[in-house]
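Q: next come a sequence and a model predicted from it.
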Amino acid sequence: MVVGHQRQVVPRKSAGHVPRPRIERVWCAGDTLYAWLQLGGAAEWAVTTGDVALRPRVEVVVDDATRTVVSWDDDPALEMRLRSRRGGLAWWELSWSGVSGRTYRVRIPEVAESDAVGCAMP
């Protein structure tokens, strides 16, 4: 029995050429660090298995010689919010509420690292 025909309601297409992920802007306001990130195609973020799921996609590190990791995308204090999808690319806003009056960097492991940003305690 054929009830109807199949059709795609929401197209799932990504950008034809996906540039390397990048960190667009990093700043602190009060007790929160923010960053705007471009992390590849819009359909590529949700990964629950394999090598990508086993490692952080975004980290917050202390701006010191060892680059101590203080937060990552699986931390409950770090929020990733999809800002927009333009041209098949995903643009994210990171907010982390764990600042403690130090200087930090946002890092996409093995890809990009932001300039240092000082976060003063209010």
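A: That came in fine, so what should we check first? Numbers count the residues shown, from 1 in each chain.

Q: how about the helices in the protein?
A: 50-54 (DSSP state H).

Q: can you give me the strands for the chain?
A: 22-29, 32-41, 59-62, 69-72, 78-86, 89-96, 103-108, 112-113, 117-118 (DSSP state E).

Q: and these as a markdown table, adding mean pLDDT?
A: Shown next, in a markdown table, are the strands of the chain (pLDDT from 0 to 100):
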| stretch | mean pLDDT |
| --- | --- |
| strand 22-29 | 95 |
| strand 32-41 | 90 |
| strand 59-62 | 96 |
| strand 69-72 | 94 |
| strand 78-86 | 89 |
| strand 89-96 | 92 |
| strand 103-108 | 96 |
| strand 112-113 | 94 |
| strand 117-118 | 95 |
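
Q: can I get these in CSV with mean neighbour count?
A: All C-beta spots, glycine's among them, are computed from the backbone N, C-alpha and C. Listed next are these as CSV, based on neighbours: other CB atoms under 10 Å:
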stretch, mean neighbour count
strand 22-29, 15
strand 32-41, 20
strand 59-62, 20
strand 69-72, 18
strand 78-86, 14
strand 89-96, 19
strand 103-108, 21
strand 112-113, 16
strand 117-118, 14
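
Q: burial count for Gly30?
A: Using other CB atoms under 10 Å, Gly30 has 11 other residues around it.

Q: now stretch 66-81, how far from the centre of its chain.
A: Centre-to-centre, stretch 66-81 and its host chain are 10 Å apart (CA atoms, centre = their mean, to the nearest Å).

Q: for stretch 100-111, same thing?
A: Here stretch 100-111 is found 12 Å from its chain centre; the criterion is CA atoms, centre = their mean.
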